[in-house]
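Undergrad: Only the shape, not the letters, is given here:
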């Protein structure tokens, strides 16, 4: 429940639910709750089912009403926004604005995020190598090393990313040689994990899993070639084996903010 769009609360709930069997939970979002009557209506609905309420409400009166009503109805309720606001009040003399939805206003930050997403789409998978000159970071690696998912995650953090696939039979774009090593990050994974990822990919698109694309011999050749490119460009390298996209993306952010460190593991 939220007096804004409820996105933050839903992300927290789904992160917690992922620790259990996902099939046991249904997440329902109640956005733009702006009156005590609306609060009571949602709490009453939660009380009729085996539910918990997770809420991000910035208006103190609504938070107070929700807490009291949840206690009266015996509904477990988790306040995400309230404790953080109260903690901030202890370290800053500035009063909170108490305006729902400020995070999602169409401000400069929002438009920079949209620009970064459009950039990632335009310069994805080596579509136009000239994008490396305008990128904040360039990701390189063989197929299925999470270049595109990491690019999109970073784009939502307002980072412009171009990514270039490495294929032994295809020379790397000459533009890469003109990019400072600190702006290039190589992504790699273990041969066994890459084999599994490619086999699953082939199944998804209805092709035979024994195609050369998913053979261990071919994968070893590609990874060896990629390693030679990493060394030639003197770029940092992230081993993304068993790493979530978010984890890899955060490491990329650390590299471009602190400077390159070759051979990252």
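TA: Okay, I see it. The shown structure was predicted, so the numbers you read here are calculated from the model rather than taken from an experiment. Numbers count the residues shown, from 1 in each chain.
Undergrad: where in the stretch 101-250 of the chain is pLDDT low?
TA: Residue ranges of the stretch 101-250 of the chain with pLDDT under 70: 101-107, 209.
Undergrad: now with 90?
TA: Low-confidence segments of the stretch 101-250 of the chain (pLDDT under 90): 101-114, 201, 203-212.
Undergrad: Give me the pLDDT for residue 261.
TA: The model reports residue 261 with a pLDDT of 50.
Undergrad: Please disregard the earlier target; I meant residue 3.
TA: 83.
Undergrad: hang on, isn't it packed against residue 62?
TA: Yes. If you go by Cβ atoms under 8 Å, residue 3 and residue 62 touch, sitting 6.1 Å apart. C-beta here means a position set from N, CA and C on the backbone, and glycine is covered the same way.
Undergrad: Overlap of the contact sets of the two?
TA: 33-34 (Cβ atoms under 8 Å, 6 or more residues apart in numbering).
Undergrad: Looking at those two, which is more packed in?
TA: residue 3 (24 against 21; other Cβ atoms under 10 Å).
Undergrad: The closest residue to the more buried one other than its chain neighbours: neighbouring residues, count only.
TA: Once flanking residues are discounted, residue 3 sits nearest to residue 100: 3.9 Å by Cβ to Cβ, 6 or more residues apart in numbering. Other residues lying near residue 100 total 21 when counted by other Cβ under 10 Å.
Undergrad: Residue 100 contacts residue 1, doesn't it?
TA: No. The pair residue 100 / residue 1 is not scored as a contact, 11.8 Å apart, by Cβ under 8 Å.
Undergrad: Grab the longest helix from this structure for me.
TA: helix 216-233 (DSSP state H).
Undergrad: All the strands of the stretch 51-200 of the chain, residue numbers only.
TA: 53-55, 77-79, 137-141, 161-165, 184-188 (DSSP state E, counting those that start in this stretch).
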